[in-house]
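K.L.:
model the following, please.
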Amino acid sequence: MEFLSEYGMFLAKSATVVVVVMMIVGIVVGAGQKVKPAALKVTRLNDKYKKLKNQISEVVLDKKALKSLKKEEKALDKKDDKEEAKKRVYVLDFNGDIKASQAEQMRDEISALLTMATPEDEVVIKVESGGGMVHQYGLAASQLDRIKAKNIPLTVCVDRVAASGGYMMAVVADKIVAAPFAILGSIGVVAQLPNFNRLLKKNDIDFEVHTAGEYKRTLTLFGENTDKAREKFQDDLKEVHVLFKDFVSGHRSSVDVDKVANGDIWYGQKALEMNLADEIKTSDQYLQEKCEVADVYMITSPKKKSLVEKLSKGTESTLTKALENVLTKSMFQKWFV
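P.N.:
Okay, the predicted model is just below:
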């Protein structure tokens, strides 16, 4: 029995060493490889809706009505072939997290569509975000500005929420279309952090911060915060808020910024009354209507994971992700809109 026990321990140790070596090799190889951008996927939504219509009609209609419908559609297809090319509508999805991570994918998608789109076309961005880091959402909004710079009509559709940083992106558009209960607004800035200084003192632990530059560090997680540091911190928050308000008023002159820039939110119809939106409609309704007069294309680019991400996928727990979000939100150098 003792032999079996020792042999089992030997196997366990050997297996652990092999796993660790494989992970190290994978990380080294993955670090040396460049992550290639995933190929774009382009879907013609007109075909999608037509297919859905045909599926239902084959069940609902009798043979005579179905034959008549197909004859009608065939005639319309021939007519479309003879007519000049229709206007094109390009559709992108943006699902934002705290770091606006999808901005990298959206950058490639916008670069691709700008090679084809003209001022006679339209770009529709479906935005879903409750906000996040200022500099990250500032970059995402700047990507949308590239479309405007080419004089291509830009529409943002909001089905659920485009608040704070999400709304910062939305205001770049020529038109904001919001669902009846979509959340818009939250034009404000927030930064938060815990302070463990008293806990450290209670346990006789010293913590020192050395800086060169009076405002290199204001509030801190572990040091003792001063009133002067808090005042500077608050001034920085106000400065970012002013930039946010200027950005909104610069893109939507119809909005009374002083009235809406208090951090509050508004639902669809009320947002329309406050000029935070231009039309009340779901993105599905808006795009189906566009399909009747234009060729509508959905552009997606699934994120291709690196080898390191694939290896770590199985080991990263929900708790780790939650902790990362808490710590990220708590870092005082990160401003959130």
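K.L.:
the helices in the stretch 1-150 of the chain, which residues?
P.N.:
Here the stretch 1-150 of the chain has its helices, by DSSP state H, counting those that start in this stretch, at 2-32, 45-60, 63-82, 103-113, 134-149.
K.L.:
buried set for the fourth one?
P.N.:
When you say that, I think you mean helix 103-113. Neighbour-count burial for helix 103-113, counted by 16 or more other C-beta atoms under 10 Å, picks out 103, 105, 106, 107, 109, 110, 113. From N, CA and C alone the C-beta is placed, and that goes for glycine too.
K.L.:
list the contacts for residue 103?
P.N.:
Listed by C-beta atoms under 8 Å, 6 or more residues apart in numbering, the contact set of residue 103 reads 94, 136, 139, 140, 143.
K.L.:
quick check: ChimeraX command selecting the buried ones in those residues.
P.N.:
Selection of buried members from the contacts of residue 103 for ChimeraX, criterion 16+ other C-beta under 10 Å:
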select :94,136,140,143
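K.L.:
for the contacts of residue 103, give me CSV that also has pLDDT and distance to residue 127.
P.N.:
Output for the contacts of residue 103, formatted as CSV (pLDDT from 0 to 100; distance: C-beta to C-beta, whole Å):
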residue, pLDDT, distance to residue 127
94, 97, 5
136, 95, 14
139, 96, 15
140, 97, 9
143, 97, 12
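K.L.:
return the member of the contacts of residue 103 nearest to residue 221.
P.N.:
Relative to residue 221, the closest of those is residue 136; by C-beta to C-beta it sits at 21.5 Å.
K.L.:
wait, that closest one sits on residue 99?
P.N.:
Yes: under the criterion of C-beta atoms under 8 Å, residue 136 makes contact with residue 99 at 5.3 Å.
K.L.:
so how far is residue 143 from residue 107?
P.N.:
Distance, residue 107 to residue 143, using C-beta to C-beta, to the nearest Å: 5 Å.
K.L.:
that should have said residue 279, apologies.
P.N.:
Spatial separation of residue 279 from residue 143 under the definition C-beta to C-beta is 23 Å.
K.L.:
can you list the neighbours in contact with the one helix or strand residue 230 maps to?
P.N.:
Assessed by DSSP states H and E, residue 230 sits inside helix 227-251. Helix 227-251 has contacts (C-beta under 8 Å, 6+ apart) with 134, 141, 167-168, 171-172, 187-191, 215, 218-220, 255, 257, 261, 332, 335, 337.
K.L.:
can you tell me which of the residues you listed are in helices?
P.N.:
134, 141, 167, 168, 257 (DSSP state H).
K.L.:
now those residues as a markdown table including pLDDT and neighbour count?
P.N.:
As requested, these are exported to a markdown table (pLDDT from 0 to 100; neighbours: other C-beta atoms under 10 Å):
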| residue | pLDDT | neighbour count |
| --- | --- | --- |
| 134 | 94 | 21 |
| 141 | 97 | 21 |
| 167 | 97 | 33 |
| 168 | 97 | 27 |
| 257 | 95 | 16 |
